[in-house]
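> give me a 3D structure for the following:
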Amino acid sequence: MVVVARNKSTLTDAWRPVLLRESLRFAEAARGRRIRSRVDFATQVVRLPEGPHVGKPWRARYQPYAFHLLDQMDRSRHRKYRITGCVQSGKTTNGPAINTCWHLFERRETVVYGITSMDMARDKWLEEIYPIIDASPLLRQYLPKTGGGAKGGTPSAIKFRNGATLRFMSAHGRDDKRSAFTAPVVVKTEVDRYDEAGEVSREAPPVEQMEARTAAFGDRAFSYEECTVTTEDGRIWSELQSGTYTALHYPCTHCREWVRPMREHFVAVEDCRTPQEARKSGTFICPACSEAISEANRQAMLDLGQPIHRGQAIAWGHDGAFEVTGEAPDVDKFSFWWNAFDNRFWSSAFIAGEEWTALYAKHPEEKDLARRQFAWTLPAEPEVFDSTPLSLAEVLDRAATGGELTRGVVPPGTVYLSAGIDVRKTQLHYVVVAWTADGRGHVIDFGIMKVPSKELGIRQGVLTALRELRDNRIAKGYQDAEGERYPVGWTLVDGGWKPSIIRSFMRETARKQPKGWMMVLGRGQSEPPGKGSYTHPKALSKPGGRIVWMGDEQCYVSWNPKYKLPAMFANSDEWKSFVHEGLSTPPDMPGALTYWLAVDSDEKALARKFAMQLIAEKEVQKLVKDRGVVTVWIDESRRANHFLDCFYYACAAGHLCGVRVAIEHSGRSAPGSPPPFMPPQASDSSPFNMPDGRPFLSLEE
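Alright, predicted model coming up:
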């Protein structure tokens with residue numbers, strides 16, 4: 001009996017730890033598995049696979065910004081995260097990689113990992129994600145023994161031993177490749193490059209298609225986006241601006257003010273003669289007190305940073321503790337950024353050497369762009385700047401400012417009439433403008449005429465419509481309120497669509513009414529000179545040459561010896577600006593443009609169509625190589641713009657007549673203006689010759 005009792009006690013002792021372990025496991029399962037925060041996960045699990053601390057456990061002091069990034073993600077109510085920062089700062093490790101591993105192994109969730117193309121899947125796996133997993137003893141045990149990612153192959157999907165899956169998804173390729181998989185988490189890298197892939201997609205942009213993979217999970221889904229900044233229109237910069245726009249602020253070691261050092265606060269590099277000299281003198285200065293921040297002080301400041309959201313401020317309170325004032329923006333995403341100042345891996349000396357190299361490089365613009373994007377987290381300086389557009393209401397109001405003049409009535413003080421015609425397959429659009437001596441223009445007529453191309457074919461249809469417009473409207477001229485008739489001085493006809501048809505019309509017109517008709521070719525300035533864009537000639541050609549007249553408002557007349565016809569070349573961008581500036585000018589000032597007052601419903605409908613087409617395009621300022629910053633008009637609305645085209649043709653035709661905007665109300669034209677381009681004159685040798693004796697038109701096809 002004693003032996004049995006002793007054996008029972010021994011068995012109880014042996015089972016006690018097993019029972020305790022199983023009881024604890026059961027209790028843990030009953031209350032749910034505790035999920036560590038991102039910061040705890042990084043601190044306890046992650047070992048750094050590269051960099052100055054390779055092989056060591058992740059620690060906040062190595063890169064203080066990284067702690068605040070993960071800590072703010074843990075604290076944030078948001079589930080959309082957008083991050084960007086300088087290169088070589090651990091951006092990929094602390095952003096996409098650690099968050100991907102946290103979801104895969106801590107939360108055991110499937111992750112969609114967005115990449116530009118599937119060719120990058122192997123590199124992303126082997127260089128960014130696998131090293132973190134392999135460096136951690138805890139994570140390494142979840143690597144698959146077989147299948148994708150097991151033996152160094154190129155994976156599209158990797159299923160880990162805990163049941164989670166990592167699925168690579170490409171921005172390139174067919175849309176259905178991005179619509180056949182769902183997951184609660186999507187991590188998108190290099191998102192600014194997705195737009196290039198989206199140009200071939202007939203559905204939503206790839207970045208939105210990837211986002212839609214989480215739609216089934218609703219508010220429980222997570223979304224991450226990461227990229228180095230490119231331009232102000234780039235995805236990551238736009239997302240950064242529309243998020244919390246969180247950055248670290250630091251207390252100055254001199255004045256104790258909380259500051260956010262930027263590129264303009266890094267000084268003493270420009271006057272250095274060598275990079276070595278720059279490394280010694282380059283330094284950050286405090287944005288508040290302008291005192292130099294030594295490298296030792298900078299490193300101390302990095303440990304004291306505090307995250308501040310857009311709209312917030314930080315200052316010291318009366319009790320000696322810092323206080324954050326202001327509410328965080330009410331937005332749907334958390335966005336976080338950092339720059340060279342925040343990067344503990346870079347010393348001030350290193351930054352100074354790189355800044356000097358960029359400043360005095362063989363191609364400083366390219367180097368400076370790289371520094372802006374890769375070091376200072378600033379987008380490229382914009383090539384395009386929006387201008388303030390006219391509204392529909394403002395254009396419609398110009399009819400009222402033109403007085404009580406109705407359609408076709410020439411206003412008092414008119415010295416010239418000019419017209420412009422835009423040619424299409426199915427319609428002609430035309431505009432007729434009356435000009436005063438000081439350069440004010442009043443549109444006395446505009447309209448749309450049908451082209452019977454369906455009945456007669458394109459060539460005969462266009463010619464028939466042009467003849468009708470010429471003979472029944474333009475050639476008859478217009479009358480003022482007293483009945484005095486005014487002829488149209490110059491009419492410019494668009495030759496860009498079907499130049500051969502317009503040339504035939506010009507020869508035909510020369511036999512009937514040769515004075516005052518010419519083909520016009522509009523050319524923009526969005527490209528460098530010599531690439532089909534407008535280039536204003538430097539001087540008139542010698543007698544017998546091509547350039548027979550030059551305007552002072554970006555237009556000239558060129559003689560074509562092949563076709564024996566003149567044609568005006570007009571800077572379409574500058575003349576469209578002329579139209580919009582005129583519509584914005586007070587009606588009693590030189591250069592103002594107004595138009596006739598519509599009376600009945602048909603006229604009002606036509607006037608509204610006229611106004612809508614005048615604002616169809618958008619004026620921007622664009623930086624163009626070998627031109628500098630120039631005005632460019634772009635059509636983002638996809639609306640018709642034919643009245644805008646023929647309006648500027650009519651303005652250029654007025655310039656051809658001799659219209660100049662006066663400097664002041666005296667009616668005096670701008671000094672140095674070229675003489676008007678006179679209509680062809682009769683001579684003994686030919687019915688109509690140019691001043692140098694050449695025939696104005698060849699009357700033969």
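> could you use CA atoms for every contact and neighbour count after this?
OK.
> wait, residue 420 sits on residue 488?
No - contact criterion CA atoms under 8 Å: residue 420 and residue 488 do not qualify, at 10.6 Å.
> okay, those two: which has more neighbours?
residue 420 (31 against 25; other CA atoms under 10 Å).
> which helix or strand contains the more buried one?
Per DSSP states H and E, residue 420 falls inside strand 414-423.
> partner strands of that strand and their direction?
strand 427-436 (antiparallel), strand 490-494 (parallel) (DSSP bridges).
> how far away is the nearest residue in space to residue 169 that is not next to it in sequence from residue 192?
Excluding the flanking residues, the one nearest residue 169 by CA to CA, 6 or more residues apart in numbering is residue 114, at 4.9 Å. When distance is defined by CA to CA, to the nearest Å, residue 114 is 12 Å away from residue 192.
> which one of these two has more residues nearby?
Ranked by neighbour count (other CA under 10 Å), residue 114 and residue 192 place residue 114 first, with 27 against 21.
> packing partners of the host helix or strand of the more buried one?
Residue 114 belongs to strand 111-115 when elements are defined using DSSP H and E. Secondary-structure packing of strand 111-115 (3 or more CA pairs under 8 Å, 6 or more residues apart in numbering; DSSP states H and E): strand 165-170, strand 185-189.
> just those: most buried one?
Of the helices and strands packed on strand 111-115, the one with the most neighbours on average (mean count of other CA atoms under 10 Å) is strand 185-189, at a mean of 25.
> state the pLDDT value of residue 665.
Looking at residue 665, its pLDDT reads 39.
> over to residue 380?
At residue 380, the model reports a pLDDT of 82.
> next: residue 637.
Turning to residue 637, the model gives it a pLDDT of 70.
> next, the closest residue to it other than its chain neighbours: phi, psi?
The shortest distance from residue 637 to any non-neighbouring residue, by CA to CA, 6+ apart, is to residue 616 (6.0 Å). Main-chain dihedrals, residue 616, degrees, to the nearest 10: phi -70, psi -30.
> ok, residue 616 - contacts?
Contacts for residue 616 (CA atoms under 8 Å, 6 or more residues apart in numbering) come out as 635-641.
> and of the strands paired with strand 414-423, who's closest to residue 373?
With CA to CA as the criterion, residue 373 lies closest to strand 490-494 of these, at 44.2 Å.
> okay, that closest one in PDB with CA atoms only?
What follows is strand 490-494 as a C-alpha-only set of coordinates in PDB (Å, rounded to 0.1, in the frame of the first residue of the first chain):
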ATOM      1  CA  TRP A 490      -9.500  90.400 -92.700                       C
ATOM      2  CA  THR A 491     -11.000  87.000 -92.300                       C
ATOM      3  CA  LEU A 492      -8.800  84.100 -91.100                       C
ATOM      4  CA  VAL A 493      -9.900  80.600 -91.900                       C
ATOM      5  CA  ASP A 494      -8.600  77.600 -89.900                       C
END
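> what's in contact with it?
Here strand 490-494 makes contact (CA under 8 Å, 6+ apart) with 417-423, 502, 515-522, 646, 649-650, 653-654, 656-657.
> got the buried residues for stretch 489-496?
For stretch 489-496, burial by neighbour count (16 or more other CA atoms under 10 Å) applies to 489-495.
> what of stretch 301-312?
Across stretch 301-312, burial judged by 16+ other CA under 10 Å covers 301-303, 305-310.
> in helices, which of those residues appear?
Within these, residues falling in helices by DSSP state H are 301-302.
> can I get the strands paired with strand 414-423 in a markdown table with distance to residue 349?
Converted to a markdown table, the strands paired with strand 414-423 look like this (distance: least, CA to CA, whole Å):
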| stretch | distance to residue 349 |
| --- | --- |
| strand 427-436 | 65 |
| strand 490-494 | 61 |
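> which stretch among these comes nearest residue 331?
Nearest to residue 331 among these is strand 427-436 (47.2 Å), distances taken as CA to CA.
> helices or strands up against the helix or strand following the closest one?
Later in the chain than strand 427-436, the nearest helix or strand by DSSP H and E is strand 441-450. Counting contacts by 3+ CA pairs under 8 Å, 6+ apart, strand 441-450 is packed against strand 427-436, helix 458-469, strand 593-595.
> mean confidence score for stretch 113-123?
Averaged across stretch 113-123, the pLDDT comes to 88.
> how about it: buried residues?
Using 16+ other CA under 10 Å as the test for burial, stretch 113-123 gives 113-118, 121-122.
> likewise for stretch 63-83?
Result for stretch 63-83 [16+ other CA under 10 Å]: buried residues 63-73, 78-83.
> same thing with stretch 392-401?
395-396, 398-399, 401.
> filter those down to just the ones in helices.
Counting by DSSP H, these contribute 395-396, 398-399, 401 to helices.
> could I get the buried residues of stretch 392-401 as CSV with distance to residue 544 and pLDDT?
Converted to CSV, the buried residues of stretch 392-401 look like this (distance: CA to CA, whole Å; pLDDT from 0 to 100):
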residue, distance to residue 544, pLDDT
395, 44, 90
396, 47, 89
398, 44, 88
399, 45, 86
401, 46, 69
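> nearest the geometric middle of this protein, what residue?
For the chain, the residue nearest the mean C-alpha position is residue 233 (3.6 Å; CA atoms, centre = their mean).
> got TSV for the strands paired with strand 414-423, with mean pLDDT and distance to residue 39 too?
Listed next are the strands paired with strand 414-423 as TSV, based on pLDDT from 0 to 100; distance: least, CA to CA, whole Å:
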stretch	mean pLDDT	distance to residue 39
strand 427-436	97	67
strand 490-494	96	67
